[in-house]
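Asker: Using only what follows, build the 3D model:
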Amino acid sequence: MNRNEKAAVIDRIAEDLEASSAVFAVDYRGITVAQVAELRTKLRESDTTLSVVKNSLTERAADKAGAEALKEILAGPTALAFVRGDAAAAAKALSDAQRTTQVLAFKGGLMDGQPVTPDEIRAISRLPSREVLYGQLVGVVAAPLNGLARGLNALIAGVAIQLQAIADQGLVGGNAAAPAPAEEAAPAADAAPAETEAPAAEAEAPAAEATPDTDDKTDDAAAADAASDAKED
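Answerer: Numbers count the residues shown, from 1 in each chain. You can find the predicted model right below:
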């Protein structure tokens, strides 16, 4: 491999490091070509590629990509799994291949730029896939919303029942006849003064008739006085 070819490999590995959300390193000693091909097929399901590169070139690529922490695990034959998709699915594929082939020992790696140990990679491999986690998250979010909806429906139903009970008791709604007695009482109240005023009108009538009697008596007295004066003359 000449200098230009080495530079191209370094650039490619650096790009893979920058584009990956996780990088898992494994010792590939003892694995067959057929097993590698099968593993690469499974890794593609999680948008992961498996590369075998000389450690010296990988170190230079790590320096170029700012992934210096990866250099600490580059000892002995090392294959790198560059994960761009589901890290849990990629770790599970590697872990299954490890159990099947009895090779591919985890050496460590990086996840979101932070170092991860072999035990942490095995723990990641036991996590649910991204699709399962999304489904669980949707269920967690939907559960309170469903409870809120049921609570609101129950509240609305309770209010409707209470309003119907009030309406049945005649406090609101269709029993508009209840105020009628108060309306009928008004004319009775108005009639009372008419009955009270009637005697007063009748009482004034004799007074009006008595006036002529008084006047007649006055006229008779005046006539008598005039007659008396005539006799004296």
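Asker: Please count neighbours and contacts with C-alpha atoms only from this point.
Answerer: Noted.
Asker: Which helix or strand in this structure has the lowest average pLDDT?
Answerer: helix 180-232 (a mean of 46; mean pLDDT, DSSP states H and E).
Asker: Tabulate the CA atom coordinates of stretch 93-111 in PDB.
Answerer: Provided in PDB are the C-alpha atoms of stretch 93-111 (Å, rounded to 0.1, in the frame of the first residue of the first chain):
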ATOM      1  CA  ALA A  93     -25.600  -8.600  16.400                       C
ATOM      2  CA  LEU A  94     -22.000  -8.600  17.600                       C
ATOM      3  CA  SER A  95     -23.000 -10.300  20.800                       C
ATOM      4  CA  ASP A  96     -24.900 -13.000  19.000                       C
ATOM      5  CA  ALA A  97     -22.000 -13.600  16.600                       C
ATOM      6  CA  GLN A  98     -19.700 -13.800  19.600                       C
ATOM      7  CA  ARG A  99     -21.800 -16.600  21.100                       C
ATOM      8  CA  THR A 100     -22.100 -18.400  17.800                       C
ATOM      9  CA  THR A 101     -18.500 -18.300  16.800                       C
ATOM     10  CA  GLN A 102     -16.900 -18.200  20.200                       C
ATOM     11  CA  VAL A 103     -14.600 -15.400  18.900                       C
ATOM     12  CA  LEU A 104     -15.000 -11.600  18.400                       C
ATOM     13  CA  ALA A 105     -14.200 -10.600  22.000                       C
ATOM     14  CA  PHE A 106     -15.300  -7.000  22.800                       C
ATOM     15  CA  LYS A 107     -12.400  -4.600  23.300                       C
ATOM     16  CA  GLY A 108     -14.300  -1.400  24.000                       C
ATOM     17  CA  GLY A 109     -15.300   1.500  21.900                       C
ATOM     18  CA  LEU A 110     -16.900   4.900  21.800                       C
ATOM     19  CA  MET A 111     -20.500   6.000  22.100                       C
END
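Asker: Contacts made by that stretch with the rest, please.
Answerer: 21-31, 35, 39, 42-43, 69-70, 73, 115-118, 121-122, 125 (Cα atoms under 8 Å, 6 or more residues apart in numbering).
Asker: can you check stretch 50-70 too?
Answerer: With Cα under 8 Å, 6+ apart, stretch 50-70 has contacts from 6, 9-11, 13-15, 17-18, 40, 43, 71, 74-82, 109-110, 113-115.
Asker: can we see that at 6 Å?
Answerer: 10, 13-14, 71, 74, 79-81 (Cα atoms under 6 Å, 6 or more residues apart in numbering).
Asker: Inside strands: which ones of the residues you listed?
Answerer: 79-81 (DSSP state E).
Asker: Can you report how many residues neighbour Q169?
Answerer: For Q169, the tally of surrounding residues (other Cα atoms under 10 Å) stands at 11.
Asker: typo on my end, K6
Answerer: Neighbours around K6, by other Cα under 10 Å: 12.
Asker: Surely it is in a helix?
Answerer: Yes: counting by DSSP: H, G, I helix; E, B strand; the rest coil, K6 falls inside a helix.
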